[in-house]
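Trainee: Here you go, sequence then predicted model.
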Amino acid sequence: MPAPQTTPDTPDTHEAALARVVAFFEQLQPSDVAQLADIYCHNAQFKDPFNEVTGVPAIQGVFEHMFKTLHAPRFVVTQSVQQGAQCCVTWDFIFEFRNFARGTAQTIRGASHLVLREEHGTWRVAVHRDYWDAAEELYEKLPGVGAVMRWLKRRANA
């Protein structure tokens with residue numbers, strides 16, 4: 001699903017760029033990973049609790065890995081706030097583990113801070129930083145590890 005292109009008659013805007021990014025991620029399929037250059041600047045920075053990479057090929061690697069290791073991953077954007085080139089998007093990431101707990105949908109709730117930059121006449125993501133609690137949202141759901149994490153959490157709260 002390539003992002004719509006702008007023309008000299010229809011200049012791009014921050015708002016249009018955020019709408020493209022949201023639509024892209026809500027409809028993201030494995031075949032769309034090749035189109036990340038339509039969404040990200042060539043030297044974009046991406047960071048989440050597990051990855052810190054620079055450049056479209058490295059970002060593509062993060063999403064290719066996601067599709068290889070998870071079953072039916074998808075994003076549902078729940079809210080977005082924008083001030084010029086600065087954007088904050090909250091989302092639910094819904095997936096199933098591929099090798100265990102299959103058939104049980106998991107949800108991670110998080111937020112992304114996006115910074116847009118104009119590149120070749122189109123606003124694209126220059127910085128993408130995901131925020132979510134890996135311990136609460138992921139580790140507690142893993143067999144074996146999850147039991148230890150829940151026990152540690154109970155001990156810390158006691």
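Mentor: Perfect, I can see it now.
Trainee: can we go C-alpha only for contacts and neighbour counts from here?
Mentor: OK.
Trainee: Which stretches in the protein count as strands?
Mentor: Under the criterion DSSP state E, the chain contains strands at 40-47, 52-54, 70-83, 86-97, 106-119, 122-131.
Trainee: Redo those as a markdown table? Include mean pLDDT and mean neighbour count.
Mentor: Conversion of the strands of the chain to a markdown table gives the following (pLDDT from 0 to 100; neighbours: other Cα atoms under 10 Å):
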| stretch | mean pLDDT | mean neighbour count |
| --- | --- | --- |
| strand 40-47 | 98 | 21 |
| strand 52-54 | 98 | 16 |
| strand 70-83 | 96 | 15 |
| strand 86-97 | 94 | 18 |
| strand 106-119 | 95 | 18 |
| strand 122-131 | 97 | 22 |
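Trainee: Figure out which of those is closest to residue 27.
Mentor: Nearest to residue 27, of all the strands of the chain, is strand 70-83, at 7.6 Å by Cα to Cα.
Trainee: What is that closest one packed up against?
Mentor: Helices and strands touching strand 70-83, as assessed by 3 or more Cα pairs under 8 Å, 6 or more residues apart in numbering; DSSP states H and E, comprise helix 14-26, strand 86-97.
Trainee: and the nearest residue to residue 119 once chain neighbours are set aside, what does it touch?
Mentor: Spatial nearest neighbour of residue 119, excluding adjacent residues (Cα to Cα, 6 or more residues apart in numbering): residue 41 at 6.6 Å. Taking Cα atoms under 8 Å, 6 or more residues apart in numbering as the criterion, residue 41 is in contact with 55, 56, 117, 119, 124, 125, 126.
Trainee: cutoff 7 Å now
Mentor: Under the criterion of Cα atoms under 7 Å, 6 or more residues apart in numbering, the neighbours of residue 41 are 119, 124, 125, 126.
Trainee: show me the contacts for the third one.
Mentor: If I follow you right, that is residue 125. Residue 125 makes contacts with 39, 40, 41, 44, 114, 115, 116, 117, as judged by Cα under 7 Å, 6+ apart.
Trainee: Can you verify my assumption that residue 55 contacts residue 40?
Mentor: No: taking Cα atoms under 7 Å as the definition, residue 55 is not a contact partner of residue 40, at 8.4 Å.
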